[in-house]
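A.B. asks: Sequence and predicted structure are below.
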Amino acid sequence: MKIRQFEDKPLAHYSYAILSEGKIALVDPSRDPMPYYRFAEEHNARITAVFETHPHADFVSSHLQIHKETGAVIYASKLVGASYPHKTFDEGDKLQLGEAEIWALNTPGHSPDSITVMARDSRDTYAMFSGDTLFIGDVGRPDLREKAGNLTAKREELARMMYRTVQDKFTDLPDKTLVYPAHGAGSLCGKNLSSDASSTLGNERMGNWAFRSQSEEDFVGEILKGQPFIPHYFGYDVDTNKEGPDDYEPSMAQVPLLLGPDSLEPGIPVVDTRSSDTFKAGHYPGSINIMARDESDKIETWLGSILLPEEPYYLVIGSVSERDAVLARVAKIGYEKTIRAVVVAADSPGAHSEKLDLQAFKDHPGAYTIVDIRNPSEVADGKYFEQALTIPLNELRDRTGELPTDKPFVVHCAGGYRSAAGSSILESVLPGQKAFDLSEAVAEFKPRAAVHQK
């Protein structure tokens, strides 16, 4: 049995191929099926099975497309109530893949319909593909299914399910069992995920907080405490994955392309993916700057946190050569379906943003309204400016009415990426109001350096 891990860095998502005797089973595949097809071709093997550990909230899966293009059988828990062609796969169900035996454990907690996919080969190698149930150093958050999917459950109910899963479901597995989760550090599906891509069950029993001796009440209190925000798109992707997503490339091919239009239809949000310097020099009026320069820019997360899934929008890029790469990233969360057009920006789109005079800000900080758009957990660790007003970026668009408009704004985050989006949101929602981006200069005010200004 050979196991290959695939990583999608911006979403901190791991998917897997299990290869045995010319047959491949995939676990939790991402939106683009081509990496798995290339893997199969390289090994002269056939994809015969696709396992979905649960309907994913943070990305759109390619399970249905792979089924249509390869004939592979999709396996998912009967509790999913999936609309796509599939075979149910729950505790007691087994599948032979070459010389490897694959079976299911029902492991509710992150969602009520989660399964862990187990595999064992003739050399007595054990592997568990734990989806969003068991992470390296953590377990999946239990608060994503209160309003999404055909099975809803309250967070406390799911937290108690997770306790029982951790206590009871893995006890018969040896310490040497390899643990392969669906996510790593940076994912919003948990709060304290390790940067390690895999582990062993023995290591998790020793080091993962969820395995320590504790009461159910203590476990529930800990797992519910301090979970990250829930992006708008999470519920949408749960439903999309349960129904069966559209095919990847045909869906993107339907998005129109506009080259250098002088203006865009008013009233439609505009998402500009160019660098903040390029954006400030010239952009379409009302644009929101969510950068997509490289994999470290999490456009997937922030696009799906700022715009609602059903909102039409324009997607602005700097060059036609960027179209495929940027559109592919948007498609990973299913947001290609509402794009009015991909737009290559005109030379002079009409609006610009002033750059902050940093020295003037340092000399007279009281002349500005400082807006801290970090997440609550970040703010709890310390404010950079004591007088700053705090509104998380994912809520800013809906809460601009809470901000005074008698002074220009200075927007900051922790590193400079989010503040580009935040300042552009304020300019978009409050036309005529100056909103400056502190950008990477925020580093000069760490830690809590603060500026205890009067």
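C.D. replies: It's in.
A.B. asks: Now do Ala441 against Phe170, distance only.
C.D. replies: 48 Å (C-beta to C-beta, to the nearest Å). Using the backbone N, CA and C atoms, a C-beta is placed for each residue, glycine as well.
A.B. asks: which SSE is Phe39 in?
C.D. replies: Here Phe39, judged by DSSP states H and E, is contained in helix 34-42.
A.B. asks: Looking at Ala441 and Phe170, which one has more neighbours?
C.D. replies: Phe170 (22 against 16; other C-beta atoms under 10 Å).
A.B. asks: Assign a three-state SS to the more buried one, would you?
C.D. replies: Classification of Phe170 using DSSP: H, G, I helix; E, B strand; the rest coil returns coil.
A.B. asks: got the buried residues for the one helix or strand in the chain whose mean pLDDT sits lowest?
C.D. replies: Lowest by mean pLDDT, DSSP states H and E among the helices and strands of the chain is helix 376-380, with a mean of 92. Of all the residues in helix 376-380, those buried under the rule 16 or more other C-beta atoms under 10 Å are Val379.
A.B. asks: can you pull out the helices in the stretch 201-350 of the chain?
C.D. replies: Using DSSP state H, counting those that start in this stretch, the helices of the stretch 201-350 of the chain run over 201-207, 216-224, 233-243, 248-253, 276-281, 299-306, 323-331.
A.B. asks: that older thread, what residues sit buried inside the helix or strand just after the helix holding Phe39?
C.D. replies: Next along the chain after helix 34-42, taking DSSP H and E as the criterion, comes strand 46-51. Neighbour-count burial for strand 46-51 flags Ile47, Thr48, Ala49, Val50, Phe51 (criterion: 16+ other C-beta under 10 Å).
A.B. asks: Leaving out chain neighbours, which residue sits closest to the second one?
C.D. replies: Same thing as Thr48. Closest residue to Thr48 apart from its sequence neighbours, by C-beta to C-beta, 6 or more residues apart in numbering: Lys23 at 4.9 Å.
A.B. asks: Leu105 versus that neighbour, what's the distance?
C.D. replies: Taking C-beta to C-beta, one finds Lys23 at 22 Å from Leu105.
A.B. asks: nearest spatial neighbour of Arg286, skipping sequence neighbours?
C.D. replies: I think there's a mix-up here, since residue 286 is Gly and not Arg. Ser428 (4.7 Å).
A.B. asks: For the host helix or strand of that neighbour, list the C-alpha coordinates in CSV.
C.D. replies: Element membership for Ser428, per DSSP H and E: helix 417-429. C-alpha atoms of helix 417-429 as CSV (Å, rounded to 0.1, in the frame of the first residue of the first chain):
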residue,chain,number,x,y,z
TYR,A,417,-2.6,41.7,4.0
ARG,A,418,-6.0,42.1,5.6
SER,A,419,-5.7,45.9,6.0
ALA,A,420,-5.6,46.3,2.3
ALA,A,421,-9.1,44.7,2.1
GLY,A,422,-10.3,46.6,5.2
SER,A,423,-9.4,50.1,4.1
SER,A,424,-10.9,49.5,0.6
ILE,A,425,-14.1,48.2,2.2
LEU,A,426,-14.4,51.5,4.1
GLU,A,427,-13.8,53.5,1.0
SER,A,428,-16.3,51.4,-0.9
VAL,A,429,-19.1,51.6,1.7
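A.B. asks: chain center to that helix, what's the gap?
C.D. replies: 20 Å (C-alpha atoms, centre = their mean, to the nearest Å).
A.B. asks: on that earlier part again, who are the packing partners of the helix holding Phe39?
C.D. replies: In terms of contacts (3 or more C-beta pairs under 8 Å, 6 or more residues apart in numbering; DSSP states H and E), helix 34-42 is packed against strand 2-8, strand 13-20, strand 23-27, strand 46-51.
A.B. asks: how does it look with 7 Å?
C.D. replies: strand 46-51 (3 or more C-beta pairs under 7 Å, 6 or more residues apart in numbering; DSSP states H and E).
A.B. asks: What average pLDDT does the strand it packs on get?
C.D. replies: Per-residue pLDDT values over strand 46-51 give a mean of 98.
A.B. asks: can you state the direction angle for the helix or strand just after it and helix 34-42?
C.D. replies: Using DSSP H and E, the next helix or strand after strand 46-51 towards the C-terminus is helix 63-70. Angle, helix 63-70 to helix 34-42, by axes from the mean of the first three to the mean of the last three C-alpha atoms, to 10 degrees: 30 degrees.
A.B. asks: which outside residues touch helix 63-70?
C.D. replies: Helix 63-70 has contacts (C-beta atoms under 7 Å, 6 or more residues apart in numbering) with 26, 29, 33, 36, 47, 50, 52, 72, 74, 84-85, 244-245, 247-248.
A.B. asks: Which positions within that helix qualify as buried?
C.D. replies: For helix 63-70, the neighbour count (16+ other C-beta under 10 Å) marks His63, Leu64, Gln65, Ile66, His67, Thr70 as buried.
A.B. asks: Stretch 319-331 too?
C.D. replies: For stretch 319-331, by 16+ other C-beta under 10 Å, it's Glu322, Arg323, Val326, Leu327, Arg329, Val330, Ala331.
A.B. asks: residue boundaries of the strands in the stretch 301-450 of the chain?
C.D. replies: Taking DSSP state E, counting those that start in this stretch, the strands of the stretch 301-450 of the chain run over residues 313-317, 339-344, 369-372, 389-390, 409-412, 435-437.
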